[in-house]
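**Student:** sequence and predicted structure below; questions after.
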Amino acid sequence: MGLTLKEYQNYLYDNKSLVLATVTEDTTPNLRHIGGYSIDGTDIVFQTSKGTDKTVDIKNNSSVAAVFQHEGQQSLKNITVYGKANELSGDEVEKAVELIKERRPQLNYNSEINVIYKIHVERIKKLDFSSEEKQVEIKAEDLV
């Protein structure tokens, strides 16, 4: 059992938040919840405040992972994405802000205090302990 693009997008979109993994300059791992995100094809866009630890981590090492897991499941199911994050600018910011507002209308974007990143997803891992094939890993470009 694989994963279709639509299944992938729906699972990520319907999730409450994502958990973003970054590493510090001295390779200490960091995790944090992010609610202000959305989906752009196979990629993830998210909003955060300027000058946070995660922005410093991403500047030093753009490799990130993000895990999406719905609450209240009877068995373990989640999707983890792996890729490179970069800060968006210009028209890309406007598009990302619209996508995020569509999903989380209560969030406000202010270019003075916020920054938008895009995770260019390279690889996806789907875990589903209720299915015969418990773990599936695929390249983002292979989703159809």
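**Tutor:** Thanks, I have the structure now.
**Student:** need the CA coordinates for stretch 113-127. CSV is fine.
**Tutor:** C-alpha atoms of stretch 113-127 as CSV (Å, rounded to 0.1, in the frame of the first residue of the first chain):
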residue,chain,number,x,y,z
ILE,A,113,7.6,40.3,13.0
ASN,A,114,6.9,37.2,11.0
VAL,A,115,8.8,35.1,8.4
ILE,A,116,7.5,32.4,6.1
TYR,A,117,9.5,29.2,5.3
LYS,A,118,8.9,26.5,2.8
ILE,A,119,10.0,22.9,3.4
HIS,A,120,11.0,21.5,0.0
VAL,A,121,10.0,17.9,0.7
GLU,A,122,12.4,15.3,-0.7
ARG,A,123,11.3,12.2,1.1
ILE,A,124,8.1,11.0,2.9
LYS,A,125,7.8,8.2,5.4
LYS,A,126,4.3,6.9,6.2
LEU,A,127,3.8,4.7,9.3
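**Student:** from the contact counts, what lies against the lengthiest helix in the chain?
**Tutor:** Identified as the longest helix of the chain according to DSSP state H is helix 91-103. Applying 3 or more C-beta pairs under 8 Å, 6 or more residues apart in numbering; DSSP states H and E, one finds that helix 91-103 contacts strand 37-40, strand 43-49, strand 114-128. C-beta: built from backbone N, CA, C; applies to glycine.
**Student:** quick check: nearest residue in space to residue 11, chain neighbours excluded?
**Tutor:** residue 79 (5.6 Å; C-beta to C-beta, 6 or more residues apart in numbering).
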